[in-house]
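**Student:** Need coordinates for the following:
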Amino acid sequence: MPFDVDALRAQFPALDGGTAHFDGPGGSQTPRPVAEAIAGTMLSSISNRGSVTASERGAETVVQDARRAMGDFLGTDPATVIFGRSMTALTMDMARTLARCRGWGAGDEVVVTSLDHDSNIRPWVLAAEAVGARVRWAEVDPHTGELPVEKVLDVLSERTRLVAVTGAANLIGTRPDLRRIIGASHDAGALVHVDAVHLAAHARVDREQLGADLLSVSPYKFFGPHLGVMCGRADLLEDLRPDKLVPSSDAVPERYELGTLPYELLAGTTAAVDLLAGLGGGADADGDGDGDLPGDSRPARLTRAFAVIEEHEDALLARAEAGLGAIEGLRLHSRAAHRTPTLLFTVRGTESAAVHAHLAGLGVNAPASHFYAWELSQRLGLGTTGGVRIGIAPYTTEAEVDRLVAGVAELVG
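**Tutor:** The predicted structure is shown next:
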């Protein structure tokens with residue numbers, strides 16, 4: 001099925017101004033249907049969830065629709081979908097809950113990797129330190145940008161309680177072998193939390209197929225609004241008892257959601273999932289999330305959508321690599337064998353911030369930073385400065401890639 005990038009771009013008012021956005025890993029641009037869903041919910045008759053008044057039922061419908069949408073998007077039971085302020089906040093809360101409810105203490109171990117964003121490192125490090133547990137590091141290969149499975153195996157033991165690993169590195173795009181890492185971790189008796197924030201914007205994610213015990217994403221990376229989503233095994237979530245207010249629901253997933261949910265953002269999240277599913281073809285005239293043809297479910301359409309998205313993005317990645325790689329004095333950091341369409345580069349003799357500013361003047365948004373991949377940036381020898389990150393999105397075009405390459409060449413030349 002061909003991918004119509006022009007038709008997709010027409011859904012994004014922010015792209016009308018001509019700016020080329022390579023800043024998607026920090027947050028994608030917002031399509032019109034998502035903004036309209038948010039505004040429509042805020043302007044509708046709505047109140048706290050319930051079953052008596054129309055406004056109560058409206059709020060309940062918004063929540064359940066969003067749980068079903070994210071359940072389809074993440075390959076998990078909708079009843080295991082937890083909404084929160086951000087992925088970082090949800091992970092902080094879950095780390096403290098696991099440490100307390102599972103009785104972590106001296107002699108226990110937690111494994112983190114130097115490939116990860118700090119939001120999948122620090123919460124686990126802090127939780128372990130608070131109870132006297134040991135933190136063990138699975139180290140990235142700084143020359144290749146790969147996280148060899150063996151590096152994880154080397155630090156697993158019978159005392160490992162949890163392994164935190166990314167689905168894709170937000171700084172350089174590396175996609176480690178999740179299936180093998182999860183399988184080995186389970187063999188050691190450990191739980192696994194997957195940070196799929198960067199991965200979910202570029203590839204189909206299925207928690208149940210992966211076997212992840214917990215998995216988190218951020219909808220604003222894939223056209224949605226700013227909030228976080230965590231999902232997990234139903235039995236695990238039922239077993240844990242997070243801190244909560246006495247009168248609030250003790251049901252799962254509500255027991256993990258602190259306070260009233262942002263209904264308008266949940267509506268926007270559903271709209272984002274449906275827009276992505278629409279890229280997989282098939283109509284959904286009644287808006288129930290399933291296609292109008294028998295068996296044409298939303299998960300099936302999402303699978304088709306991400307197949308064409310990956311093909312489109314991989315072609316642009318190859319084009320960007322070829323162009324940037326030909327520029328004298330420019331260094332591309334990491335070309336892992338399996339990765340998202342994400343590049344990190346530095347230019348000899350030029351500060352990355354200066355490259356960022358130069359490109360911005362040309363209408364090309366390509367930010368420079370460590371992007372909270374604090375440990376990875378230092379392992380790559382980039383300290384706390386980082387580099388210039390290029391994030392290709394489904395709405396990126398060949399012409400925009402060429403503008404980017406020309407802009408960098410102009411500065412260096």
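**Student:** Could I get the full set of helices for the stretch 101-250 of the chain?
**Tutor:** Assigned by DSSP state H, counting those that start in this stretch, the stretch 101-250 of the chain shows helices spanning 122-131, 149-153, 178-187, 207-210, 234-239.
**Student:** ok, Leu332 touching Leu343?
**Tutor:** Yes: in this structure Leu332 lies within contact range of Leu343 using Cβ atoms under 8 Å: 6.1 Å. Placement of C-beta: from N, CA and C, glycine included.
**Student:** confidence score at Leu293?
**Tutor:** Leu293 is assigned a predicted lDDT (pLDDT) of 61.
**Student:** try Asp286
**Tutor:** Asp286 is assigned 52 on the pLDDT scale.
**Student:** What is the neighbour count of Arg100?
**Tutor:** Using other Cβ atoms under 10 Å, the number of residues around Arg100 comes to 16.
**Student:** thinking again about what came up before, which neighbours do Leu332 and Leu343 share?
**Tutor:** Residues touching both Leu332 and Leu343 by Cβ atoms under 8 Å, 6 or more residues apart in numbering: 321, 324.
**Student:** what about the helices of the stretch 101-250 of the chain, which gets the closest to Ser55?
**Tutor:** helix 234-239 (29.1 Å; Cβ to Cβ).
**Student:** Now the element after that closest one, going C-ward?
**Tutor:** For helix 234-239, the following helix or strand on the C-terminal side (DSSP states H and E) is helix 263-278.
**Student:** Just the residues contacting that next one, thanks.
**Tutor:** 11, 31, 33-42, 46, 59, 62-63, 65-66, 69-70, 72-73, 83, 219, 222-227, 229, 284, 287, 289, 298, 301-302, 305-306.
**Student:** Quick one: buried ones out of these?
**Tutor:** Buried residues within those, counting neighbours by 16 or more other Cβ atoms under 10 Å: 11, 31, 33-35, 37-38, 41, 46, 59, 62-63, 65-66, 69-70, 72-73, 83, 219, 222-225, 227, 229, 284, 289, 298, 301-302, 305-306.
**Student:** Okay, and which of the residues you listed map to helices?
**Tutor:** 33-35, 37-38, 41, 59, 62-63, 65-66, 69-70, 72-73, 298, 301-302, 305-306 (DSSP state H).
**Student:** What residues does the residue nearest to Ala336 when sequence neighbours are not counted make contact with?
**Tutor:** Nearest residue to Ala336 in three dimensions, chain neighbours excluded: Thr174, at 4.0 Å (Cβ to Cβ, 6 or more residues apart in numbering). Listed by Cβ under 8 Å, 6+ apart, the contact set of Thr174 reads 115, 140, 145-147, 168, 334, 336, 338-339.
**Student:** Apply 6 Å and report the result again.
**Tutor:** 145, 336, 339 (Cβ atoms under 6 Å, 6 or more residues apart in numbering).
**Student:** any idea of the pLDDT on the first one?
**Tutor:** In the predicted model, Gly145 carries a pLDDT score of 97.
**Student:** Let me have the helices of the stretch 101-250 of the chain in JSON lines, extended by mean neighbour count.
**Tutor:** Putting the helices of the stretch 101-250 of the chain into JSON lines (neighbours: other Cβ atoms under 10 Å) gives the following:
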{"stretch": "helix 122-131", "mean neighbour count": "19"}
{"stretch": "helix 149-153", "mean neighbour count": "17"}
{"stretch": "helix 178-187", "mean neighbour count": "18"}
{"stretch": "helix 207-210", "mean neighbour count": "16"}
{"stretch": "helix 234-239", "mean neighbour count": "14"}
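**Student:** To Thr385, which of those helices lies closest?
**Tutor:** Between the helices of the stretch 101-250 of the chain, helix 122-131 lies closest to Thr385; by Cβ to Cβ that is 19.8 Å.
**Student:** what's the closest one packed up against?
**Tutor:** In terms of contacts (3 or more Cβ pairs under 6 Å, 6 or more residues apart in numbering; DSSP states H and E), helix 122-131 is packed against helix 87-101, strand 109-113.
**Student:** Now render the ones you listed as JSON lines, adding mean pLDDT and distance to Ser248.
**Tutor:** Listed next are these as JSON lines, based on pLDDT from 0 to 100; distance: least, Cβ to Cβ, whole Å:
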{"stretch": "helix 87-101", "mean pLDDT": "98", "distance to Ser248": "14"}
{"stretch": "strand 109-113", "mean pLDDT": "98", "distance to Ser248": "29"}
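**Student:** Check the ones you listed for me and report the most buried one.
**Tutor:** When the helices and strands packed on helix 122-131 are scored by mean count of other Cβ atoms under 10 Å, the highest mean neighbour count falls to strand 109-113 (a mean of 25).
**Student:** Tally up the residues packed near the nearest residue to Ala14 once chain neighbours are set aside, please.
**Tutor:** In this structure, Ala14 finds its nearest non-sequential neighbour in Gln29, 4.4 Å apart by Cβ to Cβ, 6+ apart. Neighbours of Gln29 under the rule other Cβ under 10 Å: 19.
**Student:** Gln29 falls within a strand, correct?
**Tutor:** No: if the criterion is DSSP: H, G, I helix; E, B strand; the rest coil, then Gln29 is coil and not within a strand.
**Student:** Please report phi then psi for it.
**Tutor:** phi -70, psi 160 (degrees, to the nearest 10).
**Student:** what pLDDT does it get?
**Tutor:** At Gln29, the pLDDT recorded in the model is 98.
**Student:** my guess is it meets Phe12, correct?
**Tutor:** Yes: in this structure Gln29 lies within contact range of Phe12 using Cβ atoms under 6 Å: 5.0 Å.
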